[in-house]
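>>> Coordinates for the following, if possible.
(one chain, ligands or ions: 1)
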Amino acid sequence: MLAVQLAHLPGGPFACDIHLVEPRPIAGPGLAYTARRPEYLLNVRSPQLSAFPENPGHFVEWLQTNHTPACEQEFCSRETYGHYIQELVTTIISHSPINGIRVTVHHTAATAATLAPDGKSAVLELANGTRLSSDYVVLALGNFPPLPPTRPADGYSNHPGFHGNPWAQGALRSIGLDDSVLLIGSGLTAVDVLLGLRADGHRAPITVVSGHGRWPSTHGPAEPTYPSFYTTELQELKTVGEVVAAIRRRVRTAATQGIDWRPVLDSLRPDLGNIWANWPLPEQARFLRHVSSLWTTIRHRSPPQNAAIIEQLMAAGQVQVYQGRVQHLVSQGPELAVHIRRKRSTAVLTAQHVVSCTGPLLDYTRIQDPLVLSLREAGQLVPDALRLGIVTDEHGALLTADGSVSPVYFTLGPSRRPAYFESTAVPELRQQAVALAQLLGSKVAGQPRV
Ligand SMILES: Cc1cc2nc3c(=O)[nH]c(=O)nc-3n(C[C@H](O)[C@H](O)[C@H](O)COP(=O)(O)OP(=O)(O)OC[C@H]3O[C@@H](n4cnc5c(N)ncnc54)[C@H](O)[C@@H]3O)c2cc1C
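Residues are numbered from 1 along each chain as shown. As a prediction, the model looks like this:
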């Protein structure tokens, strides 16, 4: 989206080259929108998913001209969205140079980055041996697969029934229709896995183990918007307790007027980053400890179709939720034994397949991607104290180990959670793409080719 925004930036033509480095065979759809599984639905309605915030009807118009069946106002498949993004990227590549910008795609991974001696550019090493010199390097690395659910992982990580990365291509293919399955986690990833297994015709029982035992809440009908109360009631609040109490009050008042809690929460969406940034670090830590798991289930909702399928599977007894925390995993012949701690007891469940659905790894001290490692070791990339992502300035420029603002390295996407907390979904990320494109555009404008 950043490349697309640069290509559409007013004030051009710019004299610059964009090198998109992406090991997937198609650049654009990324991890979330590559899977060819129509049952995986977007969790945002189509009218909120235009790639261009200033042209909110763009995705809906694209759906209309591409005759994609009736999801124009509702929840399309992620595969459909992948086609949309792919088309936007393909257009800027095939019309290159566009706006003075030449776009080249390298279908390989970036493995290291080294700052030039003058500190004003970097050399990027790619897995295919190519070296690229660039004035600006933007890390748009997305979401990393979860850490093993318990450590040490050597007792189970090589077991053929253990699926540590639920997003890997064909991750569920080895699960037989009559094999028992246990999912760790009950968030949106677990919902996807259940939908995938159901679409494949899975017949055997599926156990879902979850600390809180809650499914993501469900989207209500598309409702009129609720007026934001951020400036009048929340802007000055410095503690999590005060903010939660103020929101609860509003939700209660709205309920007496027949208004659902969802539009009340959604009215705050543009300011969630401000609420987060207004809390000092100990309050942010308090939010993570006490509120974030509930927050995630009410903020990141499932489309009603998905929720209905989960309900059906539970009512039929095929899916059972087991509340508790996984403490150990042990290979036991063809099965895995899952040791679970509950409030006052422990239990051991066994299954032929265990799928880790605990959510993306955000802790950049633990990410072992070679590019991340090289930048971290050089002090050019600093993980934040709460282990949510990368430390940046307000524009997404990386802060280095000595606290200075990098003139070369930038990031956007889930890595910017330390700044916004909510830095995951398209409506937030497209804004980041616009802002970063404007910044980089102003830097390259009027310069010789960069
Ligand atoms: C399964 C899933 C479903 C989601 N569903 C939705 C949804 O319905 N609605 C919504 O709004 N948001 C959704 N999201 C949130 C998602 O974070 C964003 O919508 C968006 O896709 C993130 O885009 P990105 O470009 O930051 O990351 P990605 O699209 O993941 O792109 C990052 C890319 O970086 C590449 N990469 C990583 N390391 C390197 C390297 N060293 N060298 C070269 N390339 C590298 C990867 O191959 C990847 O393709 C979902 C996320 C996931 C994981």
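>>> residues from the stretch 151-300 of the chain in reach of the ligand?
Contacts of the stretch 151-300 of the chain with the ligand, taken as CB under 6 Å from any ligand atom, map to residue 167. Every residue, glycine included, has its C-beta placed from N, CA and C.
>>> Quick check: the residue of the stretch 151-300 of the chain nearest the ligand.
residue 167 (5.4 Å; CB to the nearest ligand atom).
>>> That residue contacts residue 142, correct?
No - using CB atoms under 8 Å, residue 167 is not in contact with residue 142; the gap is 10.2 Å.
>>> Which strands and helices lie in contact with the longest helix anywhere in the chain?
Secondary structure of the chain read by DSSP state H shows that its longest helix is helix 426-444. Packing partners of helix 426-444 (3 or more CB pairs under 8 Å, 6 or more residues apart in numbering; DSSP states H and E): helix 2-7.
>>> Quickly run through the sheet partners of the next helix-or-strand element following the helix it packs on, with directions.
Using DSSP states H and E, the next helix or strand after helix 2-7 towards the C-terminus is strand 16-21. In the sheet, strand 16-21 lines up against strand 101-106 (parallel) (DSSP bridges).
>>> Contacts for the partner strand, please.
Contacting residues not belonging to strand 101-106 are listed as 3, 6-7, 12-14, 16-22, 27, 92-93, 96-97, 126, 128, 130, 132 [CB atoms under 8 Å, 6 or more residues apart in numbering].
>>> on that earlier part again, now do the longest helix of the chain and strand 101-106, the angle between them.
Angle of helix 426-444 versus strand 101-106, following axes from the mean of the first three to the mean of the last three CA atoms, to 10 degrees, is 120 degrees.
>>> Touching helix 426-444 from outside, list them.
By CB under 8 Å, 6+ apart, the list of residues contacting helix 426-444 from outside reads 1-2, 4-6, 9, 11-12, 14-16, 44, 48-54, 135-136, 138, 269, 273, 395-396, 410, 412-413, 416, 420, 422-423, 450.
>>> Throw together a PyMOL command that grabs the buried residues out of these.
Buried residues within the contacts of helix 426-444, by 16 or more other CB atoms under 10 Å, are selected in PyMOL with:
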select buried, resi 1+2+4+5+6+9+12+14+15+16+44+48+49+50+51+52+135+136+138+269+273+396+410+412+413+416+420+422+423
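>>> Residue 232 is in contact with residue 246, correct?
No - using CB under 8 Å as the test, residue 246 is too far from residue 232 to be in contact (9.9 Å).
>>> the strands in the stretch 301-450 of the chain, which residues?
Assigned by DSSP state E, counting those that start in this stretch, the stretch 301-450 of the chain shows strands spanning 319-323, 325-332, 335-341, 346-351, 353-356, 397-399, 405-411.
>>> Is it possible to get TSV of these that adds distance to residue 384 and mean pLDDT?
Output for the strands of the stretch 301-450 of the chain, formatted as TSV (distance: least, CB to CB, whole Å; pLDDT from 0 to 100):
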stretch	distance to residue 384	mean pLDDT
strand 319-323	31	96
strand 325-332	25	95
strand 335-341	29	97
strand 346-351	34	96
strand 353-356	24	98
strand 397-399	10	98
strand 405-411	12	98
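>>> Give me whichever of these is most buried.
strand 353-356 (a mean of 26; mean count of other CB atoms under 10 Å).
>>> That one close to the ligand?
No - Strand 353-356 is not in contact with the ligand by CB under 6 Å from any ligand atom; minimum separation 13.1 Å.
>>> mind exporting stretch 362-370 as CSV, just the C-alpha atoms?
Output in CSV follows, covering the C-alpha atoms of stretch 362-370 (Å, rounded to 0.1, in the frame of the first residue of the first chain):
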residue,chain,number,x,y,z
LEU,A,362,5.2,-9.2,18.3
ASP,A,363,8.3,-9.4,20.5
TYR,A,364,11.2,-8.2,18.3
THR,A,365,13.7,-9.5,20.9
ARG,A,366,12.6,-13.0,19.9
ILE,A,367,12.0,-12.7,16.2
GLN,A,368,14.7,-14.7,14.5
ASP,A,369,14.2,-13.4,10.9
PRO,A,370,17.8,-12.8,9.6
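>>> Pipe the strands of the stretch 301-450 of the chain into a markdown table and attach distance to residue 286 per row.
What follows is the strands of the stretch 301-450 of the chain, written out as a markdown table (distance: least, CB to CB, whole Å):
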| stretch | distance to residue 286 |
| --- | --- |
| strand 319-323 | 24 |
| strand 325-332 | 21 |
| strand 335-341 | 24 |
| strand 346-351 | 29 |
| strand 353-356 | 27 |
| strand 397-399 | 24 |
| strand 405-411 | 26 |
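>>> Of all these, which one is nearest residue 225?
Closest to residue 225 of the strands of the stretch 301-450 of the chain is strand 405-411 (CB to CB; 30.9 Å).
>>> What pairs with that closest one, parallel or antiparallel?
strand 137-139 (parallel), strand 397-399 (antiparallel).
>>> By proximity to the ligand, which residue of the chain wins?
Nearest residue of the chain to the ligand (CB to the nearest ligand atom) works out as residue 30 at 1.9 Å.
>>> Mind checking what secondary structure the residue lying closest to that residue once chain neighbours are set aside has?
Using CB to CB, 6 or more residues apart in numbering and skipping residues adjacent in sequence, the residue nearest residue 30 is residue 142, 5.5 Å away. Assigned by DSSP: H, G, I helix; E, B strand; the rest coil, the conformation of residue 142 is coil.
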